[in-house]
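Enquirer: have a look at this prediction, sequence included:
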Amino acid sequence: MSEEPEGALVRFWRGEPPNPMAAMIGGLLEANLRAHPERASLLDRPGTVAVLATDVEVGVTVRMGGGRAIVRNGVIGRPDAVVRAPSSDLMSLSKVPTRFGIPDVSKPEARELVRKIATRKLRIAGVVLGGAQLARFSKLLDAP
């Protein structure tokens, strides 16, 4: 994502240098959209998801809509959904198998994720109202 052509699906906010988490999530989004161009339609509807690594206090906000994703350093504004967890747990989220945008609990990795949510090691705010945006974000990050 070092170059952002005019039609880029994933961009950083006003060209600001991304923090490590923003670079990682932006890179995953871009790679998955390149590998699965049919997922670009997931960026059509507006929605905002933030991710915060609680152990290092580094965050990223991803605003989807209008056919693209804007990646921004930090937790900005009032996102529809916020995921908070230690960075090691966040790194493993993209490896959790999903079905219809939610963890596939028939798989051990997804059951481990559910356990972390139940024990509050991983926290997700906004599931009720921001669940659709979180599911879309999950599908965009999913690398089957």
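Expert: Received it, and whenever you're ready, just let me know what you need.

Enquirer: every contact and neighbour count from this point should use C-alpha atoms.
Expert: Will do.

Enquirer: ok, A8 - how many residues close by?
Expert: 13 (other C-alpha atoms under 10 Å).

Enquirer: where along this protein do the strands fall?
Expert: Counting by DSSP state E, the chain has strands at residues 10-12, 47-53, 58-65, 68-73, 81-85, 98-99, 102-103, 123-125.

Enquirer: which residues touch the fifth one?
Expert: Residues from elsewhere that reach strand 81-85, judged by C-alpha atoms under 8 Å, 6 or more residues apart in numbering: 48-55, 121-127, 129-131, 133-134.

Enquirer: just the fourth one next, same as before
Expert: For strand 68-73, the external contacting residues (C-alpha under 8 Å, 6+ apart) are 8-13, 18-19, 22, 26, 40, 43-44, 59-64.

Enquirer: that strand: how far from the chain's middle?
Expert: Strand 68-73 sits 10 Å away from the centroid of its parent chain (C-alpha atoms, centre = their mean, to the nearest Å).

Enquirer: show me how far stretch 55-71 is from its chain's centre.
Expert: 7 Å.

Enquirer: CA atoms only: put it into CSV for me.
Expert: Extracted C-alpha coordinates of stretch 55-71, given in CSV (Å, rounded to 0.1, in the frame of the first residue of the first chain):
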residue,chain,number,x,y,z
ASP,A,55,-1.2,-4.4,25.4
VAL,A,56,0.5,-1.8,23.3
GLU,A,57,-2.4,0.8,23.0
VAL,A,58,-2.1,0.9,19.3
GLY,A,59,-5.3,1.1,17.3
VAL,A,60,-6.7,1.5,13.8
THR,A,61,-10.1,2.6,12.4
VAL,A,62,-11.4,1.3,9.1
ARG,A,63,-14.2,3.3,7.5
MET,A,64,-15.9,1.3,4.7
GLY,A,65,-18.2,2.8,2.1
GLY,A,66,-18.4,4.1,-1.4
GLY,A,67,-16.5,1.1,-2.7
ARG,A,68,-13.4,1.7,-0.7
ALA,A,69,-11.9,1.4,2.8
ILE,A,70,-10.1,4.3,4.5
VAL,A,71,-7.6,3.1,7.1
